[in-house]
Structure formats: structure tokens, C-alpha cells
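Student: fold the stuff below for me.
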Amino acid sequence: MALLITKRCINCDMCEPECPNQAITMGAEIYEIEPERCTECIGHYEKPTCQTVCPITNTIILDPNHQETEEQLWDKFVLLHHADKI
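Tutor: Below is the predicted model of the structure:
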């Protein structure tokens, strides 16, 4: 499942530079996560770093509109970071 930044976001700029997949960008009002690039940090870290660094509790949550299995997230990680070796 990709992650989603909710309206609780205060635009503190903590999450964007921490994303190893460059999935976080500034949207019209708050930061947004591009579901096609979000792997919940699988392949990089034990926990999603954006959730770890966010100073506001429950601001970055699982996106119910983009459900993926752990295997699908791993496949996405491989395509994003190792496509040239496939």
C-alpha cells in the first residue's frame, strides 16, 4: 500500500528529502506522495522514513486507494532502483 499525506501536514519540509524513492513532492497546498513511486521504504529501511521524521502524529497514513502486497512493493522497488539490471 502506498502512503498518503493528510491535511494535517504543516509543510515542515522534513519528509521530502528523506524519501529514497523521490515519491514526495509539494502539491497545491501540502506535500503529496506519488503512489507509483512509494514502496513504504521497502528495500531501503525497516519503517517508512517519512512517517518517522514527520513531527505530527498520524499525518502520513496508508493510502486506502492504493493497496499493494509486500511482494508488489518489492517489485516496485526493484523496478525503480535496479531496472537496468533486469
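Student: list the buried ones in stretch 61-78?
Tutor: Residues of stretch 61-78 classed as buried: Asp63, Glu68, Leu73, Lys76, Phe77 (neighbour count, 16 or more other CB atoms under 10 Å). From N, CA and C alone the C-beta is placed, and that goes for glycine too.
Student: so which of the residues you listed comes closest to Glu18?
Tutor: For Glu18, the nearest member of these is Phe77. The distance, counting by CB to CB, is 16.1 Å.
Student: find the nearest non-adjacent residue to that closest one, please.
Tutor: Setting aside the residues directly before and after it, Phe77 is nearest to Gly43 in space (CB to CB, 6 or more residues apart in numbering), at 3.5 Å.
Student: what residue ranges in this protein score low on pLDDT?
Tutor: Low-confidence regions of the chain, defined here as pLDDT under 70, cover residues 86.
Student: need the longest helix for this protein.
Tutor: Longest helix in the chain, counting residues (DSSP state H): helix 70-82.
Student: the residue nearest to Phe77 and Ala28: what is the separation?
Tutor: 30 Å (CB to CB, to the nearest Å).
Student: one step back: isn't the residue nearest to Phe77 right up against Trp74?
Tutor: Yes. With contact defined as CB atoms under 8 Å, Gly43 and Trp74 form a contacting pair (6.6 Å).
Student: returning to what we had before: SS state for the residue nearest to Phe77?
Tutor: Recorded secondary structure, Gly43: coil (DSSP: H, G, I helix; E, B strand; the rest coil).
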